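Peer 1: what follows is a predicted structure for the sequence shown.
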Amino acid sequence: MPASPELQHTLGKTSGFSGTALHTGEKVTLKLHPAPVDHGIKFRRKDLQDEPTIDAKIENLKTVERATTIGEGPVRVHTVEHVLAALWAMGVDNAIVEMDANEPPIGDGSAQPYVDLIRKVGVTAQEEPRKFFDVRETIHVGSKTGALLVLLPDDKFRISCTQTGPNNQFTQFLSLELTPAIFEREIAPARTFVYYEDVKPLMDKNLIKGGSLENAIVVRGEAVLSKEPLRFADEFVRHKILDIIGDLALVGRRVRGHVVAIKPGHAANADLARAVAREQKRRSAVAVTRAIPSGDGGLDIDEVMQILPHRFPFLMVDRIISFETETKCVGVKTVTINEPFFQGHFPGHPVMPGVMQVEAMAQVASILLFKLAKSTSRIGYFMSADGVKFRKPVLPGDTIFIHAELTKSRGERLAKAKCYCVVNDTVVSEGELMFTFLDK
Ligand SMILES: [Zn+2]
């Protein structure tokens, strides 16, 4: 019996606190409200007419300079990452973050005040299962500033982060699995740190009126300045992990995977969230909406089986939908969870093996060879493959369009075919296949 699914959670009830906004220095009150299933996390601007809300989604990302800003229409909320990290890491899937200003109170520069608030009201299970993003293939993003984020498959949500300052000063590394307990103990108390040279111009321009040594650690040369001593010897890397969690929350699904981050920042974090959201969109796209043509232009399964000797479980073409010319055609393979290879590739993470896609290409190309030879006495044997690339995972529910084109047929003995597989208008694999003709 499958394990019962993890459920979505929201807050037990409403609670709030007041503090200073970092950029304006004004007083702001923040309240966290429970929200129904599938609501996600939304910010509400109580100070504006009609109290507009903004979805905490990567599509709404506006700027990533120093902090993460989201917006819809003309409405903005700044510095959302710490409250998002706290909600997400403490297991809250659905909530409204209500504020009477354009950014949350900065508190002590960590996620601690938000965790305290969530702790006070508790987290309650809801009736619908949680939405996850399972990493099936590596996703990576980088930036010119040397940030690198790699997302690898993993059963849990883990982050391994290396942080380093100018001239490799304060190089710190930390790797952990994110559970609410670990987040609360190891990550939430880690405060924002800034470099004096970066904030000096902002202070001069009066752009961070709420900033002080009470809500940030200031690094000036070798010196580390803050009102309260460091909470961890490696507080900087912990805060970087906090920011990654907050920025990745914009995916709107819980990532099951391992984030390996080197010198991360909001821009790179946002790029990773965008890449994950794009992959999720691709996966959940409706497989095929148009009717797959049949009839005189192609071959149905009976006709395919008259040509190809392959049988279950090795016949990788359901239908040939069109012959563009004598040397070019498109086959279709509908991939279902019942494919025998999914039992072992991989249990719990069904991905179509790349070699099966190459086999599908070879079978479609063989049909072209057969038509070319116009004889059943000779058969094309698949000999070798060049430049094979697997670009995207093929999953149950996908329909693969297998394109094959004969590019060369030297004499009577050798033939070459350029092939590629397409799912949802995206090339998922490709390769150049060589065949040799032999008498049956
Ligand atoms: Zn931060």
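Peer 2: Okay, I see it.
Peer 1: can you give me the helices in this structure?
Peer 2: Assigned by DSSP state H, the helices in the chain fall at 81-89, 112-121, 180-182, 196-204, 235-248, 266-284, 301-307, 354-373.
Peer 1: could you pull out the strands in the stretch 301-440 of the chain for me?
Peer 2: 319-325, 328-334, 378-390, 399-410, 414-423, 426-439 (DSSP state E, counting those that start in this stretch).
Peer 1: neighbouring strands for the third one, and are they parallel or not?
Peer 2: With DSSP bridges as the criterion, the sheet partners recorded for strand 378-390 are strand 426-439 (antiparallel).
Peer 1: what is the orientation angle of the partner strand with strand 399-410?
Peer 2: For strand 426-439 against strand 399-410, the angle by axes from the mean of the first three to the mean of the last three Cα atoms, to 10 degrees is 40 degrees.
Peer 1: buried stuff in strand 426-439?
Peer 2: Buried positions in strand 426-439, judged by neighbour count with 16 or more other Cβ atoms under 10 Å: V428, S429, E430, G431, E432, L433, M434, F435, F437. Backbone N, C-alpha and C define where each C-beta goes, glycine included.
Peer 1: what does the stretch 151-300 of the chain put close to the ion?
Peer 2: Residues of the stretch 151-300 of the chain that fall close to the ion, judged by Cβ under 5 Å from the ion: T192, D243.
Peer 1: just want the residue of the stretch 101-250 of the chain that's nearest the ion.
Peer 2: Residue nearest to the ion within the stretch 101-250 of the chain: D243 (4.2 Å; Cβ to the ion).
Peer 1: isn't that residue right up against P264?
Peer 2: Yes: counting by Cβ atoms under 8 Å, P264 is a contact partner of D243 at 7.2 Å.
Peer 1: next one: stretch 414-431 to chain centre, how far?
Peer 2: Chain-centre distance of stretch 414-431: 25 Å, with Cα atoms, centre = their mean, to the nearest Å.
Peer 1: give me the distance between the residue of the stretch 101-250 of the chain closest to the ion and F236.
Peer 2: Separation of D243 from F236 (Cβ to Cβ, to the nearest Å): 11 Å.
Peer 1: so what's the spatially most central residue of the chain closest to, chain neighbours aside?
Peer 2: Taking Cα atoms, centre = their mean, the centroid of the chain lies closest to V276, which sits 1.7 Å from it. Spatial nearest neighbour of V276, excluding adjacent residues (Cβ to Cβ, 6 or more residues apart in numbering): V251 at 5.0 Å.
Peer 1: so what's the residue count around the closest residue to D247 other than its chain neighbours?
Peer 2: Once flanking residues are discounted, D247 sits nearest to N269: 3.6 Å by Cβ to Cβ, 6+ apart. N269: 26 surrounding residues under other Cβ atoms under 10 Å.
Peer 1: just V80 next, same as before
Peer 2: Residues lying near V80 (other Cβ under 10 Å) number 27.
Peer 1: the one 3 residues further on too?
Peer 2: With neighbours defined by other Cβ under 10 Å, the count for V83 comes to 30.
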